[in-house]
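>>> no sequence on this one, just coordinates:
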């Protein structure tokens, strides 16, 4: 629940940064024609969610939609890996990165990277290495961080690939493939105007069962699907870290500007790209991010409906997450009492965070936080 509260708070920050986008309306504006806002509780997970509200389906800009979409994508990737390994196949993790500086403009950088990547994947020598691997297909994801608080090197977009192969390679074979692939990646980057990536960091190739401790912590699937949402390492900030920074410090104009730049550059781009035919091999349905964001659980029960005015009260006191928390833990009776408590918001009564925290604690029979 704490994570859900953070997501709603971060989405509110994103709304202020991107006021003219669908993210600004996500889970705030009602679907046209709806009489109110429904509150549902999942039989399986025990969590609550809203119905009758618009969703943006943006995996890049919306922390709430991103959580739902990436979880569904994670399951898809995990299922494909399981099927492939059960059939005797192997999975490798290939990472490609390029030189980057503080002066880089993100749109220019990712355009050059895309050019380099297409050249790399069409390269004859690369295809030869892939054949030696017993290459069947790959899933590609973009990960991006910004180094303003650490390295100072600005935007750092890079690629992760899950390579579905038939050959289980030893360390010597992986090193041979990595070296040969690096030479071609280096040439493609130079032709695209990116400069020469270092031999130490420009490319990495790992057996999927022997990923380093960081990847093991997140799971190989999460390394692919949560690259822009998880917290950065070694001083690098992910895009959602930038939102966290603005949430903590409303004067962080640089963080807001960087998140806006990221959102504009990645709007409309796919989070994951599967090789042609790979999804069909593992019987994975083709679904868009928006379709996933709009999906309702089949086993959820309707707890109650908020009137239009009650929903306006909830938005005014920034209590979207609180209502769901109360619904999940205390049922509709707790929600009803809370709605009565905040009814004065429509009459000009000022509700601050301590007052809402006290109301939440009392309704959940918890001790109110200090100072409430």
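Ah, there it is. As the structure is a prediction and not an experimental result, all values here were calculated from the model. Numbers count the residues shown, from 1 in each chain.
>>> tell me the SS of residue 140?
Look at residue 140: counting by DSSP: H, G, I helix; E, B strand; the rest coil, its state is strand.
>>> is it in a bridge, and if so with what?
residue 161, residue 273 (DSSP bridges).
>>> for the chain, where's the lowest mean pLDDT among helices and strands?
Using mean pLDDT, DSSP states H and E, helix 213-218 stands out as the lowest-scoring helix or strand of the chain, at a mean of 35.
>>> So which elements touch the helix or strand where residue 184 lies?
Here residue 184, judged by DSSP states H and E, is contained in helix 171-191. Using 3 or more C-beta pairs under 8 Å, 6 or more residues apart in numbering; DSSP states H and E as the contact test, the elements touching helix 171-191 are strand 90-96, helix 106-122, helix 124-133, strand 203-207. Quick note: C-beta positions are derived from backbone N, CA and C, even for glycine.
>>> among those, which is nearest residue 10?
Put simply, out of these the one that sits nearest residue 10 is helix 106-122, at 20.2 Å, with distance taken as C-beta to C-beta.
>>> what's in contact with that closest one?
By C-beta atoms under 8 Å, 6 or more residues apart in numbering, the surrounding residues in contact with helix 106-122 are 96, 98, 100, 126, 142, 155, 157, 159, 184-185, 188-189, 191-194, 261-262, 264-265.
>>> remind me which residues of the stretch 101-250 of the chain are low pLDDT?
151, 209-235 (pLDDT under 70).
>>> how about 50 then?
Applying pLDDT under 50 to the stretch 101-250 of the chain flags residues 210-221, 223-225.
>>> Who are the contact partners of residue 101?
Residues near residue 101 by C-beta under 8 Å, 6+ apart: 153, 154.
>>> do you know how far it is from residue 273?
If you measure residue 101 against residue 273 using C-beta to C-beta, to the nearest Å, the figure is 27 Å.
>>> same question, residue 309
As for residue 309, its distance to residue 273 is 45 Å (criterion: C-beta to C-beta).
>>> Kindly report the same for residue 104.
Relative to residue 273, residue 104 is positioned 23 Å away (C-beta to C-beta).
>>> The two: which has the busier surroundings?
Taking residue 104 and residue 273 together and counting by other C-beta atoms under 10 Å, residue 104 has the greater number of neighbours (19 against 15).
>>> In this structure the more buried one contacts residue 154, no?
Yes. With contacts defined as C-beta atoms under 8 Å, residue 104 counts as touching residue 154 at a distance of 5.1 Å.
>>> quick one: buried residues of the longest helix along the chain?
Longest helix of the chain, by residue count under DSSP state H: helix 63-86. Within helix 63-86, the residues scored as buried using 16 or more other C-beta atoms under 10 Å are 63-66, 68-70, 72-74, 76-78, 80-81, 84.
>>> Good, we can wrap up now.
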